[in-house]
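Visitor: Provided below are the primary sequence and the corresponding predicted coordinates.
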Amino acid sequence: MQNERLRLVMAMRRHEFMLDLLEIARMQEMAVMRAQQAEEEQLALALARSLEPQSAHVPERLPPRNDLSQLDKALPAMAFADAKGFLLSPGDDDGDGGKPKHECAVCLGVFEPAEEVRVLPCLHAYHKGCIDKWLARSAACPTCKGEVPLK
């Protein structure tokens, strides 16, 4: 009889031990689920922020510039062949041993020697027509976002 009582007590203790193990496992699983849910919420919030228009987060750095009356005086146009001398160092080339190929960052067209370009104060060069249209909408360089004073 004492042997049976001992077996019963041992079985009850094993049962309690197993219940404790199950409770610990359940608590750990819930902690992992809470952490995953918090991470998913943060990712959803970051995605929502990235899809909002940029102007909702950062005010436009420079006001639009619509007055181009001083443009030719402030930034005279010149042939790319003339501008090329001070824009490029003598070692510049396109990597294949040929002549250097430089392109307008607005239209992505390659500059031809006779094409008229404007060189901004930051030394970025663009086709005259491309940068004139750009400066009618913005007072910043399309490449470096530096201010382009027209006065």
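Guide: All right, it came through fine. Numbers count the residues shown, from 1 in each chain.

Visitor: quick one, strands of the chain?
Guide: Under the criterion DSSP state E, the chain contains strands at 77-79, 116-119, 125-127.

Visitor: Could you give the average pLDDT over the last one?
Guide: Strand 125-127 carries an average pLDDT of 91.

Visitor: about what we covered before: got TSV for the strands of the chain, with mean neighbour count and distance to Glu4 too?
Guide: Every C-beta, even on glycine, is put in place using the N, C-alpha and C of the backbone. Output for these, formatted as TSV (neighbours: other CB atoms under 10 Å; distance: least, CB to CB, whole Å):
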stretch	mean neighbour count	distance to Glu4
strand 77-79	15	106
strand 116-119	20	101
strand 125-127	23	96
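
Visitor: got the ones you listed as JSON lines, with distance to Met12 columns?
Guide: As requested, the strands of the chain are exported to JSON lines (distance: least, CB to CB, whole Å):
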{"stretch": "strand 77-79", "distance to Met12": "95"}
{"stretch": "strand 116-119", "distance to Met12": "89"}
{"stretch": "strand 125-127", "distance to Met12": "85"}
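
Visitor: Compare the ones you listed and give me the one nearest Arg5.
Guide: Smallest distance to Arg5 across the strands of the chain (CB to CB): 95.3 Å, for strand 125-127.

Visitor: Tell me where the longest helix sits in the chain.
Guide: Criterion DSSP state H: the longest helix present in the chain is helix 2-51.

Visitor: which helices and strands does that one pack with?
Guide: In terms of contacts (3 or more CB pairs under 8 Å, 6 or more residues apart in numbering; DSSP states H and E), helix 2-51 is not packed against any helix or strand.

Visitor: tell me how far it is from the chain's mean position?
Guide: Chain-centre distance of helix 2-51: 41 Å, with CA atoms, centre = their mean, to the nearest Å.

Visitor: mind showing which ranges of the chain have poor pLDDT?
Guide: The model of the chain has pLDDT under 70 over residues 53-67, 84-100.

Visitor: returning to what we had before: which stretch among the strands of the chain comes nearest Cys107?
Guide: strand 125-127 (6.3 Å).

Visitor: Direction included, what does the closest one pair against?
Guide: When pairing is defined by DSSP bridges, strand 125-127 lines up against strand 116-119 (antiparallel).

Visitor: circling back: tell me which of the strands of the chain lies nearest to Arg49.
Guide: strand 125-127 (32.1 Å).

Visitor: closest to Ala31 out of the strands of the chain?
Guide: strand 125-127 (56.7 Å).
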